Structures are given as C-alpha cells and as structure tokens.
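Undergrad: Please find the sequence and the predicted model below.
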Amino acid sequence: MDMTDNSMETFVEHVFINLSKRQVKILDNEGYDKVVNWKFDDEGADGFSETVAQIAEVLEPERITYSFAEA
C-alpha cells in the first residue's frame with residue numbers, strides 16, 4: 001500500500017458558521033463533524049472572530065456557509 005496515497009487523507013469538506021450562536025460546525029470528507037461553541041463574553045468574541053477570519057483565509061468561499069439563528 002502506498003502511504004502517500006491522497007485518498008486516505010482527511011480534509012475539511014465544509015464549514016457552517018452560525019454567527020448568532022458563535023458556533024462553528026466542521027464537516028470532513030469522511031462525513032464526521034465537530035461542533036465548536038464560544039462563550040458570550042469578550043474572550044469568546046475575540047476567539048470566535050479570529051477563528052472565522054482564519055477559516056475565511058484558508059477555505060474557498062463555496063466551502064463556507066454563514067447563518068444567523070433565530071431566537
């Protein structure tokens with residue numbers, strides 16, 4: 001088996017960013033997902049905005065979905 005075969009790599013398929021909830025859901029190419037939530041304080045706001053900015057820098061726009069939650 002060739003260990004350099006790219007078909008065995010896990011990569012980010014899509015990212016869902018919920019701005020109202022300060023939540024990011026990351027979906028990989030194998031169908032697994034990870035949800036990350038930030039606190040509603042100054043530290044959480046800073047961390048969330050930094051993360052969203054970094055995601056926007058490294059992923060193509062068609063791999064990112066932004067949403068707002070309704071109350």
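TA: Cool, the structure landed.
Undergrad: can you map out the helices along the protein?
TA: For the chain, applying DSSP state H gives helices covering 42-58.
Undergrad: Is the residue nearest to residue 10 when sequence neighbours are not counted bridged to anything, and to what?
TA: Distances taken as Cβ to Cβ, 6 or more residues apart in numbering place residue 28 nearest to residue 10, at 5.2 Å, with adjacent residues excluded. Where you see a C-beta, it was placed from the backbone N, CA and C, and this is true even at glycine. Beta-bridge pairing of residue 28 under DSSP bridges involves residue 12.
Undergrad: now residue 28: how far from residue 19?
TA: Residue 28 sits 22 Å away from residue 19, going by Cβ to Cβ, to the nearest Å.
Undergrad: related to what we said a few turns ago, can you pull the contacts of the residue nearest to residue 10?
TA: The contact partners of residue 28, taken as Cβ atoms under 8 Å, 6 or more residues apart in numbering, are 10, 11, 12, 13.
Undergrad: what's around the third one, how many residues?
TA: Burial measure for residue 12: 15 neighbouring residues, criterion other Cβ atoms under 10 Å.
Undergrad: Which pLDDT does the model give it?
TA: Listed pLDDT for residue 12 reads 94.
Undergrad: residues in contact with it?
TA: Applying Cβ under 8 Å, 6+ apart, we find residue 12 in contact with 26, 27, 28, 29, 59, 63.
Undergrad: looking at it, the second one is touching residue 14, isn't it?
TA: It refers to residue 27. Yes. The pair residue 27 / residue 14 is scored as a contact, 4.7 Å apart, by Cβ atoms under 8 Å.
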